[in-house]
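**Student:** Got a predicted model here, sequence first, then my questions.
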Amino acid sequence: GSMEKYKAPRRIRTVGDNCLIGASGEYSDFQSVMDTLEGMVQDDVNYDDGEKSDAKSIHSYLRAVMYQRRSKMNPLWNDIIIAGKDFLGYVDKIGTTYEDSFIATGFGSYLAIPILRSKWRPDLTEGEARALLEDCLRVLFYRDCRALNRIQIAKVQGDDDAVVSDPYELETNWSGFEATKGDMDGDGGW
Amino acid sequence: KSSKKADFVAMHRNMYDTDVTVFSPEGRLLQVEYAMESTKQGSACVGLRSENYVVIGALKRSVNEMSSHQKKLMEIDGHMGIAIAGLTADARSIAKWMRNECLNHKYVYGSAMPSKRLCEELADKHQRTTQTYVRRPYGVGLLVAAYDEATGPHLFQTCPSGNLYEFYATAIGARSQSAKTYLEKHFEGFPSTEKDDLIVHALKALSGCVTGDGELNKDNASIAIVGKDHKFQLIEGENVAVYLDKLEVDGGAAEGGGDGDAMEE
């Protein structure tokens, strides 16, 4: 969540049954992307041939769209994460793509990635993974002045349907920050 | 009495067969049927599939002794290929479109084009030519062989009419009935048949489609195979001679027969 006008915009959504899309950047462009992707899922239904778009094809499709828009000097202003069965990928506003075991956008790429690089293991349990993500998000709340402590976590596992949690508040502990508190008189300078 | 009916039909054929958009009194589109005739006149193609592979084969015709043998099998993508019977030029036009669709799909979605979807679009493409005044039907029938990661091997047949069929095994073109009879006899064993034996089956089926005194040899036989972990591969010339030798060893010319046991090696 952010201290901007909307405190809990839905920035993680499902596409089809078992694919997750998360986006930062321009919310209206994200909505446009979601409309397009939902149209793609409906096309699959209309073909009625048993084919279903998976996370990898959605990722590749978004890449093509984002790169084409940037080439026309009219980008969709988003950094997008796509997650699905055995897949985690990233596409940004200029059509850059990569896949990895952990991905972050915005402030997360500066603050969360170092934590993930240090703490991630391929055999994390679900509980450990959630705790790790919450730790990252907590740091982001501490260090990003526009962030709120309201977060959402989503999960897709195997062939099960993807699930997005409701927004909830992180517990925070500001006791270690006493030293950063300055005098209230003066201009706050040093 | 029946010859009177035949005369009636014959007379009416001339009146209703000029435009593709005109029905005959019997409710037939004669131009479409004539286009299918073109397929039947083309030299034979066969197709058959097992649990993990699809094999297509064709009899290549040469105009005269001095000319090359006409290519009948074409690769569409790594996972798909076609055998053609009929107007070769029409087939090449269709192949170009199919290749473009496959490439486009790979660029956008990062994966191989699902074969059924492409064939359904191809069938619709055929149908469109039967319902407009300004075009003619494609004068070629295709056997489309493909292996999809998700759904396994597939063998489709397309017609100038816009109909689409999926088969375990089939044959089209001149004298293809002989091949069909052979395939009907053996197809139940195909799912578990090994790759090389599948190819020999295709050649045996094809050998029944050769004209009276002709024979199947490395110049006029053409085989292609696609399957699980096996990209589309053309087998011609010296490479197909290896399999033709197996035909002789088994003593099997098809002629709608062939000893089922002999194939078990």
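**Tutor:** Here it is on my side, so go on. Numbering: from 1, shown residues only, chains lettered A, B, ... in the order given.
**Student:** Report the contact partners of the closest residue to chain B within chain A.
**Tutor:** The nearest approach of chain A to chain B comes at residue A:60, 3.2 Å away (C-beta to the nearest C-beta). For glycine as for every other residue, the C-beta is placed from the backbone atoms N, C-alpha and C. Counting by C-beta atoms under 8 Å, 6 or more residues apart in numbering or on different chains, residue A:60 makes contact with B:108, B:109, B:110, B:111.
**Student:** which ones are touching the closest residue to the last one other than its chain neighbours?
**Tutor:** Yep, that's residue B:111 we're talking about. Nearest residue to residue B:111, sequence neighbours excluded (C-beta to C-beta, 6 or more residues apart in numbering or on different chains): residue A:57, at 5.6 Å. Going by C-beta under 8 Å, 6+ apart, residue A:57 touches B:109, B:110, B:111.
**Student:** so residue A:57 is in which element?
**Tutor:** Element membership for residue A:57, per DSSP states H and E: helix A:55-71.
**Student:** ditto for residue B:202
**Tutor:** With DSSP H and E as the test, residue B:202 turns up in helix B:195-207.
**Student:** Just checking the distance from that helix to the centre of its chain.
**Tutor:** 15 Å (C-alpha atoms, centre = their mean, to the nearest Å).
**Student:** what's the neighbour count on residue 178?
**Tutor:** You didn't say which chain, so I picked chain A. 7 (other C-beta atoms under 10 Å in any protein chain shown).
**Student:** I was thinking of chain B, sorry if that wasn't clear
**Tutor:** Around residue B:178 there are 20 residues (other C-beta under 10 Å).
**Student:** One more: residue B:45?
**Tutor:** Close neighbours of residue B:45, defined as other C-beta under 10 Å, add up to 31.
**Student:** ok, and the closest non-adjacent residue to it?
**Tutor:** residue B:83 (3.9 Å).
**Student:** Dig out what that neighbour forms beta bridges with.
**Tutor:** residue B:73, residue B:143 (DSSP bridges).
**Student:** Okay, helices next: where are they in chain A?
**Tutor:** Applying DSSP state H to chain A gives helices spanning A:27-47, A:55-71, A:108-119, A:126-143.
**Student:** re the thing from before, could you flag which of the contacts of residue A:57 are buried?
**Tutor:** Neighbour counting by 16 or more other C-beta atoms under 10 Å in any protein chain shown classes B:109, B:110, B:111 among those as buried.
**Student:** Please list all residues in contact with the first one.
**Tutor:** Contact criterion C-beta under 8 Å, 6+ apart gives A:53, A:57, A:60, A:61 as the residues in contact with residue B:109.
**Student:** Identify the spatial nearest neighbour of it, chain neighbours not counted.
**Tutor:** Residue B:109's closest residue in space is residue A:57 (C-beta to C-beta, 6+ apart), at 4.1 Å.
**Student:** From residue A:23, how far out is that neighbour?
**Tutor:** Distance of residue A:57 to residue A:23, computed by C-beta to C-beta, to the nearest Å: 18 Å.
**Student:** What of residue B:179?
**Tutor:** Per C-beta to C-beta, residue B:179 is found 56 Å from residue A:23.
**Student:** Among these two, which residue is more densely surrounded?
**Tutor:** residue B:179 (30 against 23).
**Student:** per-residue confidence at the spatially most central residue of chain A?
**Tutor:** In chain A, the centroid-proximal residue (C-alpha atoms, centre = their mean) is residue A:22; its distance is 3.9 Å. Residue A:22 is assigned a predicted lDDT (pLDDT) of 95.
**Student:** Now do the contacts for it.
**Tutor:** Residue A:22 sits in contact with A:11, A:12, A:13, A:80, A:81, A:83, A:105, A:154, where contact means C-beta under 8 Å, 6+ apart.
**Student:** One more pass at 10 Å, please.
**Tutor:** Neighbouring residues of residue A:22 by C-beta atoms under 10 Å, 6 or more residues apart in numbering or on different chains: A:10-13, A:30, A:78-83, A:90, A:103, A:105, A:152, A:154, A:164.
**Student:** same question, residue B:225
**Tutor:** Contacts of residue B:225 (C-beta under 10 Å, 6+ apart): B:53-57, B:81, B:145, B:147, B:195-196, B:198-199, B:202, B:231-235.
**Student:** what about the residue lying closest to it once chain neighbours are set aside, how many neighbours?
**Tutor:** Nearest residue to residue B:225 in three dimensions, chain neighbours excluded: residue B:55, at 5.0 Å (C-beta to C-beta, 6+ apart). Using other C-beta under 10 Å, residue B:55 has 31 neighbouring residues.
**Student:** I'd say residue B:55 and residue B:235 touch.
**Tutor:** Yes: if you go by C-beta atoms under 10 Å, residue B:55 and residue B:235 touch, sitting 9.2 Å apart.
**Student:** so what's residue A:172 closest to, chain neighbours aside?
**Tutor:** Residue A:172 sits nearest to residue A:149 (C-beta to C-beta, 6+ apart), 5.7 Å away.
**Student:** Give me the distance between the one you found and residue A:176.
**Tutor:** From residue A:149 to residue A:176 the distance is 16 Å (C-beta to C-beta).
**Student:** my guess is residue B:116 contacts residue B:152, does it?
**Tutor:** No: Residue B:116 lies out of contact with residue B:152 (C-beta under 10 Å); the separation is 11.2 Å.
**Student:** for chain B, longest helix please?
**Tutor:** helix B:88-109.
**Student:** got the buried residues for it?
**Tutor:** Those would be B:90, B:91, B:94, B:95, B:98, B:101, B:102, B:105, B:109, for helix B:88-109 by 16+ other C-beta under 10 Å.
**Student:** got the angle for that helix vs helix A:55-71?
**Tutor:** Angle, helix B:88-109 to helix A:55-71, by axes from the mean of the first three to the mean of the last three C-alpha atoms, to 10 degrees: 90 degrees.
**Student:** Could you check the angle helix B:88-109 makes with helix A:27-47?
**Tutor:** 140 degrees.
**Student:** I'd like the next helix or strand past helix B:88-109.
**Tutor:** Assigned by DSSP H and E, the successor of helix B:88-109 is helix B:115-128.
**Student:** same for that next one, what does it pack against?
**Tutor:** Judged by 3 or more C-beta pairs under 10 Å, 6 or more residues apart in numbering or on different chains; DSSP states H and E, helix B:115-128 is in contact with helix A:27-47, helix B:30-41, strand B:73-77, strand B:80-86, helix B:88-109, strand B:140-148, strand B:152-158, strand B:164-166.
**Student:** Which among those is found nearest to residue A:112?
**Tutor:** Among the helices and strands packed on helix B:115-128, helix A:27-47 comes nearest to residue A:112, with 19.8 Å by C-beta to C-beta.
**Student:** what angle sits between the closest one and helix B:115-128?
**Tutor:** 80 degrees.
**Student:** buried ones in helix A:27-47?
**Tutor:** A:27, A:29, A:30, A:33, A:34, A:37, A:40, A:41.
**Student:** what bridges to the closest residue to the third one other than its chain neighbours?
**Tutor:** For residue A:30, the nearest residue in space outside its immediate sequence neighbours is residue A:23; the separation is 4.2 Å by C-beta to C-beta, 6+ apart. Taking DSSP bridges, one obtains residue A:80 as the residues bridged to residue A:23.
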